[in-house]
Structures are given as C-alpha cells and as structure tokens.
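Visitor: Curious how this folds, go ahead:
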Amino acid sequence: MSESLVTALILLLVGFVGGTINTIAGGGSLLMLPVLIFLGLPPTVANGTNRVAILIQNMGAASSFHRRDLIPVHWLKFAILPALLGAGLGTFGAVRAGDLAFQRVLVVVMVLAAAATFWRPELPGPDHDAPVPTGRRAWVFRIIFFGVGAYGGFIQAGLGFVTLAVTSAVGLDLIKGNAFKVALVLSFTPLALAVFAMSGQVNWVMGFSLAGGTFLGGLLGVHLQVLTGQKWVRAIVTVMIVLFAVRLLFFE
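Guide: Next comes the predicted model:
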C-alpha cells in the first residue's frame, strides 16, 4: 500500500471521528489539526487545510439539522454579520502568524479545551423560548459573536465549546445550540478558507481526504442528536487532547 493511500485513509478515519465529535458537541479540530501537523504539514498550513474539512462537514450537518427544523434562524440572522466581521479579522491574523507562534497558541487552546470538557452547565430544556435580545443587551451579544467569529477565523479548534457556552447563556437547549453552532460556522468558513487559500496555506489533497470523513461524521453526529453517548465521547476527547497537547509542546 502506497504512503499516499495510507495518509488518505488515516485522514478519512480521523475526519470521520472529528466530524462526529464536532457535531455532537465540539472539539473535533483538536484532533484533526495535530494529525495534519504530524503528517507533515506546517501548523499554519494545517490550520488552513482543516477549513476544507470544516466546510464540507458543516454543509452536510447544517442540511440535516435544517431538515429537522432545529436551526434557530432568528438567532442565526442576529449573529451572522458580527461573526463574519470577526472571522475576517481572525483569519487575517492567522495567515500572518508564524508556525511556532501558532503551534504554541494551539497548545494553550488544547489544554483549556481539555479543562472545558469537565464543565457541565445547566442547560435549558427543549421547550425553552430564547428570543433575540434587544437594546443594550443586543449589542453585548453582537460583540460576543464578533469574538466567536474572530476566534473561529484564527484557529477554529475548540470553537464548539466556546459557541455552546454562548448558546447556553442565551437560553438555547443543547440540540438547538449545536444546530446554531453548525450553521454559524458554515456562514463564515468560506471566507476563512478563501483567505487561507489566497495565502497559499491550504493543502487541497489532504483537505479533501479529511473532508470525506468529516462529512460522514457530521451526518452521524446529527443522527445521534447530541445526547447519545456524549459522556464517553467527552472522555475520549479529553484524553486525546491532553496527549496531543503534550506532544505538540515538545514537537520541533
């Protein structure tokens, strides 16, 4: 079996696992990014290449959520513009970050994300009404979503944890929060991917290999509807994040 075929199969499998985890709660990129780096991509190129998989994954997942009428469209309309503006700024910073600097940021994000998996917020029930805020509170959340977009544009990894923290704060239940997260990320990922591509920081072959897995994993994640098996998924993600963070910390 050729080396290129082995690499493609590894990426397909990792993408499937990462896509499933991303749609269930978040953290899939915390597995996919280190694997891309270990397979030979510079950290900044791995960051751009990962966006190919994220785009394809969220196209499938968002379509599946939409068919089930689970996407809170009123919140999506409210959040898209500030998130897009933030994503543009974050991606601009990412393409100018050096490989070593980005790698160190990734380690910090992974450690914080590992700690976040132990967080168990009290989430609203499925019938909870979560209207879009008005007045001063609306501007607070616009700034928050600008920050979400900036974070997603810069690194993407761990964005699911950040977004779900925000959606739980505004009163969305876990399933609708995941549907919102998928749709919001889909809205700004094309912009981020375009910027990375124009900067020559995308390996398209590896990106599409990874994307094949994330597409299937995203569909499975929606089917599992967020709640099934979430406890063991969180445990596996935590262990893998810690191992990859330690490896990246001493990776030259």
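Visitor: just checking, what packs against whichever helix or strand Ile37 is part of?
Guide: For Ile37, the element it lies in under DSSP states H and E is helix 29-38. On a contact count with 3 or more C-beta pairs under 8 Å, 6 or more residues apart in numbering; DSSP states H and E, helix 29-38 meets helix 3-24, helix 43-67, helix 99-116, helix 204-223, helix 230-249. C-beta coordinates here come from the backbone N, C-alpha and C atoms, glycine included.
Visitor: and the first one, how far from the chain's centre?
Guide: Averaged C-alpha coordinates place helix 3-24 at 15 Å from its chain's average position (C-alpha atoms, centre = their mean, to the nearest Å).
Visitor: cool, stretch 49-56 as well?
Guide: In terms of C-alpha atoms, centre = their mean, the gap separating the centre of stretch 49-56 from the centre of its chain is 9 Å.
Visitor: Quick check, Lys176 in contact with Leu70.
Guide: Yes - assessed by C-beta atoms under 8 Å, Lys176 is found in contact with Leu70 at 5.8 Å.
Visitor: show me where pLDDT drops low in this protein?
Guide: 1, 25, 110-111, 113-129, 223-252 (pLDDT under 70).
Visitor: Ok, which of the helices and strands packed on helix 29-38 comes nearest Pro131?
Guide: Closest approach to Pro131 among those is made by helix 43-67 (20.2 Å; C-beta to C-beta).
Visitor: how about stretch 20-38: buried residues?
Guide: For stretch 20-38, burial by neighbour count (16 or more other C-beta atoms under 10 Å) applies to 20-37.
Visitor: Secondary structure class of Ala130, three-state.
Guide: coil (DSSP: H, G, I helix; E, B strand; the rest coil).
Visitor: Would you check how far apart the closest residue to it other than its chain neighbours and Thr23 are?
Guide: Spatial nearest neighbour of Ala130, chain neighbours left out: Gly171 (3.5 Å); criterion: C-beta to C-beta, 6 or more residues apart in numbering. Using C-beta to C-beta, to the nearest Å, Gly171 is found at 21 Å from Thr23.
Visitor: now do Val132
Guide: 24 Å.
Visitor: Next, give phi and psi for the residue nearest to Ala130.
Guide: With angles defined as degrees, to the nearest 10, Gly171 sits at phi 110, psi 10.
Visitor: Confirm for me that it is in contact with Phe141.
Guide: No - Gly171 is beyond contact range of Phe141, at 11.4 Å (criterion: C-beta under 8 Å).
Visitor: Just want to know which of the two has more residues nearby.
Guide: More neighbours surround Phe141 than the other of Gly171 and Phe141, with 19 against 16 (other C-beta atoms under 10 Å).
Visitor: Give me the secondary structure label for that one.
Guide: Classified using three-state DSSP, Phe141 is helix.
Visitor: what's the closest non-adjacent residue to it?
Guide: Pro133 (5.6 Å).
Visitor: so what's the one you found up against?
Guide: By C-beta atoms under 8 Å, 6 or more residues apart in numbering, the contact list for Pro133 reads Val140, Phe141, Val170.
Visitor: for the first one, what are its contacts?
Guide: So that's Val140. Contacts for Val140 were tallied using C-beta under 8 Å, 6+ apart; they are Pro133.
Visitor: That one and Leu210: what is the separation?
Guide: Taking C-beta to C-beta, one finds Val140 at 36 Å from Leu210.
Visitor: Also the last one?
Guide: Relative to Leu210, Val170 is positioned 31 Å away (criterion: C-beta to C-beta).
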